[in-house]
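J.: 3D model of this:
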Amino acid sequence: KMNKSELEKLEKISLDCREEIIRMSARGGCFIGASLSCMDVITYLYAKFLNISKINFNDEKRDYFLLSKGHDVPSLYAILSKFEFFNSQRLKNHCLSQDSIYWHPNTDIPGIEFHSGSLGHGLSVAMGISYYHKIKKMENKIVVMIGDGEMNEGSVWEGMLVASAKELSNLTVIIDRNEFQANLKTEDLIPLEPIEKKLKAFGWNVSRINGHDFSEIELALNRKQNNSKPNIIISDTIRGKGLPSIERDPTRWFVNFTEAEVNMLIEELHGRKNAKLDSEVLLVR
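T.: Prediction:
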């Protein structure tokens, strides 16, 4: 069981990364809502679960993480800078022409495995990596995060069938289930539920967790399951997590805030008095 010190460390890392995400929501903007929703899971992956570092990133024996929902790359940029894959000062170059830090992952950035952004590709790429390491009898963990809206892509469901057929037990898929796709609820567009029953029928080990509870994240990632099946974690999250003024707001999927608005949001993130903003204050541009 996670002790208080470990929990506080994870919470601090996640909070710091959320602040970086907010800063990236100015000067070109970013997909802030879903970047905030997946931040706790990504924090745990890099802080405690995955054997990935700036030192071993080119080692074939490392673990792998692919962010298939590439529009949420601010969360990945933030954690990579936190673990010193690159200097955090580079985050100030977000969306500037002199750097490759922009709206989607770019393999020019240290720590980025795959240039994602066009949805529906990440699972297939992760399956290829998993199959290679299975053939080589290697022990690498391969993790791919997809969005719940991304599951409308037929390639995702085809991949689910193939991964099960090939018994890719070294593969873990995490679904960031924040219940929104762009400015619509997933269940109002193309319903996914009952998602657990569907995924089990496709031959996967399935867990469902609160994606903001580090203890549940830890338990799901380390659970001993049927070792011939691939693993999937449905991570129920809140879009815009940490900023009550924009949480679950369908209009806050892509934003481009002013520096003044960013400063107000950072105050809100840290729970400072009178910091909570009326939703009309923050304008989508």
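J.: Every contact and neighbour count from this point should use C-alpha atoms.
T.: Fine.
J.: Distance of I233 relative to L171?
T.: Distance check for I233 against L171: by CA to CA, to the nearest Å, it reads 11 Å.
J.: Would you confirm that N106 contacts S100?
T.: Yes. With contact taken as CA atoms under 8 Å, N106 and S100 are classed as touching, separated by 6.7 Å.
J.: So which residues of this structure form strands?
T.: Taking DSSP state E as the test, the strands found in the chain are 64-67, 142-147, 171-177, 180-181, 184-185, 205-210, 231-236.
J.: So which of those strands is nearest M39?
T.: Taking CA to CA as the criterion, strand 171-177 is the member of these that comes nearest to M39, at 9.9 Å.
J.: Keeping just the C-alphas, turn the closest one into CSV.
T.: Provided in CSV are the C-alpha atoms of strand 171-177 (Å, rounded to 0.1, in the frame of the first residue of the first chain):
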residue,chain,number,x,y,z
LEU,A,171,0.5,-4.7,-23.6
THR,A,172,-1.6,-2.4,-21.4
VAL,A,173,-4.1,0.0,-22.9
ILE,A,174,-5.3,2.9,-20.7
ILE,A,175,-8.5,4.6,-21.8
ASP,A,176,-8.8,8.2,-20.5
ARG,A,177,-12.6,8.0,-19.9
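J.: Now find how far off-centre that strand is within its chain.
T.: 9 Å (CA atoms, centre = their mean, to the nearest Å).
J.: Stretch 106-124 too?
T.: Centroid separation between stretch 106-124 and its chain, computed with CA atoms, centre = their mean, is 12 Å.
J.: Let me see the residues that make contact with it.
T.: Applying CA atoms under 8 Å, 6 or more residues apart in numbering, the set of residues contacting stretch 106-124 from outside is 53-54, 57, 64-71, 80, 85-86, 100-101, 104-105, 144-146, 150-151, 153-156, 159, 173.
J.: if we go to 6 Å?
T.: With CA atoms under 6 Å, 6 or more residues apart in numbering as the contact definition, stretch 106-124 has outside contacts at S68, G70, H71, F85, H104, P105, E153, S155, V156, G159.
J.: Relative to E267, which of these is nearest.
T.: H71 (24.8 Å).
J.: what about the nearest residue in space to that closest one that is not next to it in sequence, distance to E139?
T.: The shortest distance from H71 to any residue that is not its chain neighbour, by CA to CA, 6 or more residues apart in numbering, is 5.3 Å, and that residue is H104. According to CA to CA, H104 and E139 sit 29 Å apart.
J.: Also E267?
T.: Relative to E139, and taking CA to CA, E267 is found at 43 Å.
J.: and stretch 210-226, which residues are buried?
T.: Residues of stretch 210-226 classed as buried: N210, G211, H212, D213, F214, S215, I217, E218, A220, L221 (neighbour count, 16 or more other CA atoms under 10 Å).
J.: Need these in a markdown table (columns: pLDDT and distance to R23).
T.: Putting the buried residues of stretch 210-226 into a markdown table (pLDDT from 0 to 100; distance: CA to CA, whole Å) gives the following:
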| residue | pLDDT | distance to R23 |
| --- | --- | --- |
| N210 | 98 | 26 |
| G211 | 98 | 23 |
| H212 | 98 | 21 |
| D213 | 97 | 24 |
| F214 | 97 | 24 |
| S215 | 96 | 28 |
| I217 | 97 | 26 |
| E218 | 96 | 28 |
| A220 | 96 | 31 |
| L221 | 96 | 30 |
